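Participant: Here's a sequence, model it:
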Amino acid sequence: MHKMMIGILTLICSFSLKAQDVTYNYDRGADFSKFRSFKWVEIKGSTHPDQMVDQQIKSALETEMARKGLSKTDGDNANLYVGYQLAIGQEKQVDSYSTGGAGWGYGARWGGMSTTTATTSTIHVGTLVLDMYDPNAKQLVWRGIASKTLDAKAKPDKRAKNLAKASQKLLKNYPPSVKK
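Facilitator: Predicted coordinates for the structure are as follows:
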């Protein structure tokens, strides 16, 4: 469990190497114009980081949600209940390069032998899932997912900047545009 918390801390604090992959989905029957306030809720069974990182995530998301016209409330009169989940996965990266030899051809090369070397490394990928629920209908109305390769060496200022950028990308399509 301790390793999981360290991993989640790394996940959230280091959204910085490659561009984020962001997807979203929403309930096409929901009236998003009625959502003006939100309340944080915990999603059962989800894993959360320590208190400091949790606050950093929420702060970055709150700033972006405010830009979208949503105000935070702690009361039960919120139009939306909002929660998030985190996950860390691993991928293998293979890097290969050739040395020696010259020219072209399959097999033998002009001027000597060629050697190809391949190395593998484990890449950690973090995923942040943001869910928005209509408390009156008791159903999920919007979900955004951001995935990114993690950088465990990112400094605190860089982490904050990357969280802000991830929040902006994650909420770019909220509220969804209504097609007529």
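Participant: ok, then the element right after the helix or strand where Ala60 lies?
Facilitator: Secondary structure assignment for Ala60, by DSSP states H and E: helix 51-67. Later in the chain than helix 51-67, the nearest helix or strand by DSSP H and E is strand 71-72.
Participant: ok, and what's touching that next one?
Facilitator: Arg36, Ser37, Phe38, Lys39, Trp40, Glu62, Met65, Ala66 (Cβ atoms under 8 Å, 6 or more residues apart in numbering). Just so you know, the C-beta spots here come from the backbone N, C-alpha and C atoms, and that holds for glycine as well.
Participant: Now find how far off-centre it is within its chain.
Facilitator: Here the centre of strand 71-72 is set off from its chain's centre by 22 Å, with Cα atoms, centre = their mean, to the nearest Å.
Participant: then stretch 154-163 to CSV, C-alphas only?
Facilitator: Output in CSV follows, covering the C-alpha atoms of stretch 154-163 (Å, rounded to 0.1, in the frame of the first residue of the first chain):
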residue,chain,number,x,y,z
ALA,A,154,9.8,17.2,-11.8
LYS,A,155,10.2,20.0,-9.3
PRO,A,156,7.2,21.4,-7.3
ASP,A,157,6.8,24.5,-9.5
LYS,A,158,6.8,22.4,-12.7
ARG,A,159,4.4,20.0,-11.1
ALA,A,160,1.9,22.8,-10.3
LYS,A,161,2.3,24.2,-13.8
ASN,A,162,1.7,20.7,-15.3
LEU,A,163,-1.4,20.1,-13.1
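Participant: count of neighbours near Asp157?
Facilitator: 8 (other Cβ atoms under 10 Å).
Participant: secondary structure class for it?
Facilitator: helix (DSSP: H, G, I helix; E, B strand; the rest coil).
Participant: Can you give me the pLDDT of it?
Facilitator: Predicted confidence (pLDDT) for Asp157: 89.
Participant: Geometric centre of the protein: which residue is closest?
Facilitator: By Cα atoms, centre = their mean, the chain has its centre lying nearest to Ala146, at 3.0 Å.
Participant: how close does that residue get to Arg36?
Facilitator: Note on Ala146: its distance to Arg36, by Cβ to Cβ, to the nearest Å, is 24 Å.
Participant: Please identify the buried residues of the helix holding Ala60?
Facilitator: Using 16 or more other Cβ atoms under 10 Å as the test for burial, helix 51-67 gives Val53, Asp54, Gln56, Ile57, Lys58, Ala60, Leu61, Glu62, Glu64, Met65.
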